[in-house]
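> Okay, here's the prediction I keep looking at, along with the sequence it came from:
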Amino acid sequence: GNSVTQMEGPVTLSEEAFLTINCTYTATGYPSLFWYVQYPGEGLQLLLKATKADDKGSNKGFEATYRKETTSFHLEKGSVQVSDSAVYFCALGGYGGATNKLIFGTGTLLAVQP
Amino acid sequence: DSGVTQTPKHLITATGQRVTLRCSPRSGDLSVYWYQQSLDQGLQFLIQYYNGEERAKGNILERFSAQQFPDLHSELNLSSLELGDSALYFCASSAGTGGTSPYNSPLHFGNGTRLTVT
């Protein structure tokens, strides 16, 4: 069945460091891919998405490229801030951006130190 | 603020009991989704309702049921509770059906209800 695998955390970085959180997926067909972020005590928020191969999603300095050949959707940011500390979830959706039955990875905790 | 309201924020109950979790979607959103977040299983999709009708079903136990009312709020009923049902239960809403329609919108999550079964 479809699944998402994320790198385990926690990831601890200093402010202004480069961030990569790995995400790979297994799916049939042409799924959409999402990154969600969960700040302490809050629900998940959509960070970015890509609906087809080679699409790049970007938001708030974060980027991820849908790589069909490596079945990956790694999250990157060039310079992290303390305010980026949160749990990041990679998620797999249906064709064309469909969001019902999203399959989430286990989440990666990011802690950014000043 | 996502606009999705979940009540109560915390719930502590005993094994064998029944509880009801409530969700009010964002204004104008017709779809409501329920997710369970636990330490061992991660974030699992339970069920989706669209405009009062069940739209999609995930890993929802038979002891659990949900419904969406005419005013679009939704309730998740958990019965014969077990220790393993302790988790954070999230509700999310979206404008569309959750499918591939161009009117589809991202999910907006509430802050969750933390259920503790003792």
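Sure, I can see it.
> Going by C-alpha atoms from here, please, whenever you check contacts or count neighbours.
OK.
> residues contacting the residue nearest the centre of chain A?
Nearest to the mean C-alpha position of chain A, counting by CA atoms, centre = their mean, stands A:Trp35 at 3.3 Å. Residues near A:Trp35 by CA atoms under 8 Å, 6 or more residues apart in numbering or on different chains: A:Leu46, A:Leu47, A:Leu48, A:Lys49, A:Leu75, A:Tyr88, A:Phe89, A:Cys90, A:Ala91.
> Now it: which helix or strand?
Using DSSP states H and E, A:Trp35 maps to strand A:31-38.
> Quick check: can you name the pairing partners of that strand and their directions?
Sheet pairing for strand A:31-38, assigned by DSSP bridges, gives strand A:44-50 (antiparallel), strand A:86-95 (antiparallel).
> tell me how far the first one is from the chain's mean position?
This means strand A:44-50. 8 Å (CA atoms, centre = their mean, to the nearest Å).
> Rounded mean pLDDT for it, please.
Mean per-residue pLDDT for strand A:44-50: 92.
> And stretch A:16-36, by the same measure?
93.
> Please identify the buried residues of stretch A:32-47?
For stretch A:32-47, burial by neighbour count (16 or more other CA atoms under 10 Å in any protein chain shown) applies to A:Ser32, A:Leu33, A:Phe34, A:Trp35, A:Tyr36, A:Val37, A:Gln38, A:Gly43, A:Leu44, A:Gln45, A:Leu46, A:Leu47.
> contacting residues for B:Leu76?
For B:Leu76, the contact set (CA under 8 Å, 6+ apart) comprises B:Thr20, B:Leu21, B:Arg22, B:Trp34, B:Phe64, B:Ser65, B:Ala66, B:Gln67.
> How about it, nearest residue that isn't a chain neighbour?
B:Ala66 (4.3 Å; CA to CA, 6 or more residues apart in numbering or on different chains).
> residues touching residue 49, list them.
Assuming you mean chain A. So A:Lys49 contacts A:Ser32, A:Leu33, A:Phe34, A:Trp35, A:Lys56, A:Gly57, A:Ser58, A:Ala64 (CA under 8 Å, 6+ apart).
> You answered for a different chain; I wanted chain B.
B:Ser31, B:Val32, B:Tyr33, B:Arg55, B:Ala56, B:Gln67, B:Gln68.
> List the buried residues in stretch A:10-26.
Across stretch A:10-26, burial judged by 16+ other CA under 10 Å covers A:Val11, A:Leu13, A:Glu15, A:Leu19, A:Thr20, A:Ile21, A:Asn22, A:Cys23, A:Thr24, A:Tyr25.
> Would you check which pair of the residues you listed lies furthest apart?
Maximum pairwise distance in those, criterion CA to CA, is 29.2 Å, between A:Glu15 and A:Tyr25.
> Right, I'll leave it there.
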